[in-house]
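Asks: Okay, sequence plus prediction incoming.
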Amino acid sequence: MSRYKPRELLNFAVKAFHSRNDNDLSIGQLKARTEFVKTFNNLKRNNGKSIEHKQVASIQGDMGYLMNCLDRFFFFGCLMSQMKLEATMNTMFEKDPSTGKRWESDTTLSIEDDKLFVKVRLNLGQNKPYNLQILLGRLVHEIVHAWYLYFSCTCEYCERDLLNTTGHPSDQHGPLYLMLHRLLVTEIRRWDATLEDFLADDCPGGKVSRSAKKSFDYFMADLGKDEKEKYNRLRSYNFGAQLFVRLTDDGKVKVRPELKHKQLNMEDTLRGRSLREKELMEDKENYLKPEEENYEEENYQDKYPEIEEEMSEAKYLIDEEEMSEDLGKGLKRARKQYYTYLPSPRSDIEQSGQEGMLLDLRSPSSFLSFYQ
Ligand SMILES: [Zn+2]
Ligand SMILES: [Zn+2]
């Protein structure tokens, strides 16, 4: 089980999708988005009429599918194998102290057969299914919880700073939650005309979720003195204008352009290099292909000294090329540094980011190591 600092999780997720052009999105992301929009519009067309009469099993299937698309677009599909969605009718959870109403979805960590996973519970409706916007809003709300819950580091240092990151364990709507949630909403609104007003009530304009913020504020106001002393004080909104992602005092989220552009530059370099490597492989294969005619096996190097000379020169050229690969070295160094100060291996997130691994461009490890 790999754990990451919450702010790294935020930056890592944001740079993979925030305000990217289509040609900077991965094939997997584009596919997930297309499937999401298609499913959403199909459901929307039927909504109000047949979604209410749809079989519960079929709505459960739809919700699971939408969740899966969100995971593949925003989180490299890292959550898929560690997340279970339990969508049922007529299920209410604990009371939300900030509103007095009962929660209708929640996300918790569970252990089953010695394996840790996140359980997302969703109430599909009371007697009849809720409308699609409500259900989708809850899916987006919960998937952000799932991301932080499953991957956040729980060391003493990270625990102490919870009020400034993911929030108090009983609340979980801290500043980093609010920011990532809002950036997901912003992105989803770009996907289709039918999604332009997604969560317009809860996240008006560029603002973070009102309900989540309300819950956070309520909890903070209610926090006892003893509890408060367990944590670092809540830092002001203006704290860390240099940070890649921050909240403004009017409740909006700002992302430094460098977050995206540094990442894109790195991807371009890696992509260029991997194309070059492929070309070299092909050229080598061609070069080594046996000639059509048979020729006698002979020791050419003894017979023709200039061949030997040429070979050693070629070797020299290759060496020099390797020497000039600053980026490769820099990346290796960054990766090394990263591994040394983090306590746990980070195999989970890497293994599940299969698409990233295949492309060798979007793999979480290359993201993380770059931003040290
Ligand atoms: Zn930690
Ligand atoms: Zn929540």
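Replies: Structure's in. What do you need? Ligands and ions are numbered 1, 2, ... in the order given.
Asks: neighbours around the residue lying closest to residue 153 once chain neighbours are set aside, how many?
Replies: Leaving aside its sequence neighbours, residue 153 sits nearest to residue 3 (C-beta to C-beta, 6 or more residues apart in numbering; 4.0 Å). Where C-beta positions appear, they are placed from N, C-alpha and C, glycine not excepted. Counted with other C-beta atoms under 10 Å, the neighbours of residue 3 add up to 19.
Asks: quick one: residue 3 and residue 152 touch, right?
Replies: Yes: in terms of C-beta atoms under 8 Å, residue 3 counts as a neighbour of residue 152; the distance is 6.5 Å.
Asks: wait, residue 72 sits on residue 30?
Replies: No: between residue 72 and residue 30 there is no contact under C-beta under 8 Å: 10.2 Å.
Asks: of these two, who's got more company?
Replies: Taking other C-beta under 10 Å, residue 72 and residue 30 do not tie; residue 72 has more neighbours (22 against 13).
Asks: OK, contacts around residue 68?
Replies: Contact partners of residue 68, counting by C-beta atoms under 8 Å, 6 or more residues apart in numbering, are residue 80.
Asks: For it, grab phi and psi.
Replies: phi -60, psi -40 (degrees, to the nearest 10).
Asks: again with residue 126
Replies: phi -100, psi 110.
Asks: I'd like to know how far residue 61 sits from ligand 1.
Replies: To ligand 1, residue 61 is 37 Å away according to C-beta to the ion, to the nearest Å.
Asks: go on, residue 281?
Replies: Separation of residue 281 from ligand 1 (C-beta to the ion): 41 Å.
Asks: Can you give me the end-to-end span of stretch 122-139?
Replies: 8 Å (C-alpha to C-alpha, to the nearest Å).
Asks: can you list contacts of it?
Replies: Stretch 122-139 is contacted from outside by 40, 43-44, 47-48, 51-52, 54, 56, 59-60, 63, 66-67, 70, 85-93, 104-105, 142, 198-199, 202, using C-beta under 8 Å, 6+ apart.
Asks: pLDDT averaged over it - what is it?
Replies: Averaged over stretch 122-139, pLDDT sits at 92.
Asks: What residues are bridge-paired with residue 117?
Replies: When assigned by DSSP bridges, residue 117 has beta-bridge partners residue 110.
Asks: Run a quick neighbour tally on it.
Replies: Using other C-beta under 10 Å, residue 117 has 17 other residues around it.
Asks: contacting residues around it?
Replies: Counting by C-beta under 8 Å, 6+ apart, residue 117 touches 82-84, 109-111, 150.
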